[in-house]
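Trainee: this one's structure only:
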């Protein structure tokens with residue numbers, strides 16, 4: 001499947017998966033303690049980097065159309081199938097099958113413009 005995509009679209013799909021993974025790790029793991037200043041343990045710096053990546057990616061997602069954003073989130077974060085996405089978006093599964101690659105390409109363009117790809 002990845003072989004049929006353009007390189008930017010494949011990178012966008014990888015960034016989507018990384019975002020979903022980072023968001024899940026942030027939800028279930030320890031976050032940084034921002035009350036202390038100065039030296040931080042290495043694992044806390046990793047959490048800070050993950051948080052920044054998630055925030056930057058969320059900003060990129062906000063630049064997509066709402067239906068494209070919802071389709072990508074349902075597909076890559078929630079791992080929903082085309083039928084489930086179609087029900088959620090009140091459209092046909094065929095439209096979703098065309099919308100997902102187009103949304104990935106739009107996301108790749110946005111990520112490239114934001115220098116996040």
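Mentor: Thanks, I have it. Computed from a prediction, not measured in an experiment: that's the story for all the values here.

Trainee: in stretch 82-102, what's buried?
Mentor: Neighbour counts over stretch 82-102 (16 or more other C-beta atoms under 10 Å) mark 82, 85-86, 89, 96, 99-100 as buried. From N, CA and C alone the C-beta is placed, and that goes for glycine too.

Trainee: can you list these in TSV and add pLDDT and distance to residue 28?
Mentor: Output for these, formatted as TSV (pLDDT from 0 to 100; distance: C-beta to C-beta, whole Å):
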residue	pLDDT	distance to residue 28
82	95	28
85	95	25
86	96	30
89	94	28
96	95	29
99	95	30
100	93	27
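
Trainee: What count of nearby residues applies to the nearest residue to residue 56 once chain neighbours are set aside?
Mentor: Excluding the flanking residues, the one nearest residue 56 by C-beta to C-beta, 6 or more residues apart in numbering is residue 116, at 5.7 Å. Residues within reach of residue 116, counting by other C-beta atoms under 10 Å, total 15.

Trainee: Residue 7 now?
Mentor: The burial count for residue 7: 10, using other C-beta under 10 Å.

Trainee: ok, back up a step: now name the helix or strand holding the residue nearest to residue 56.
Mentor: Secondary structure from DSSP states H and E places residue 116 outside every helix and strand.

Trainee: mind listing what residue 20 touches?
Mentor: Residue 20 makes contacts with 76-77, as judged by C-beta atoms under 8 Å, 6 or more residues apart in numbering.

Trainee: Lovely, talk soon.
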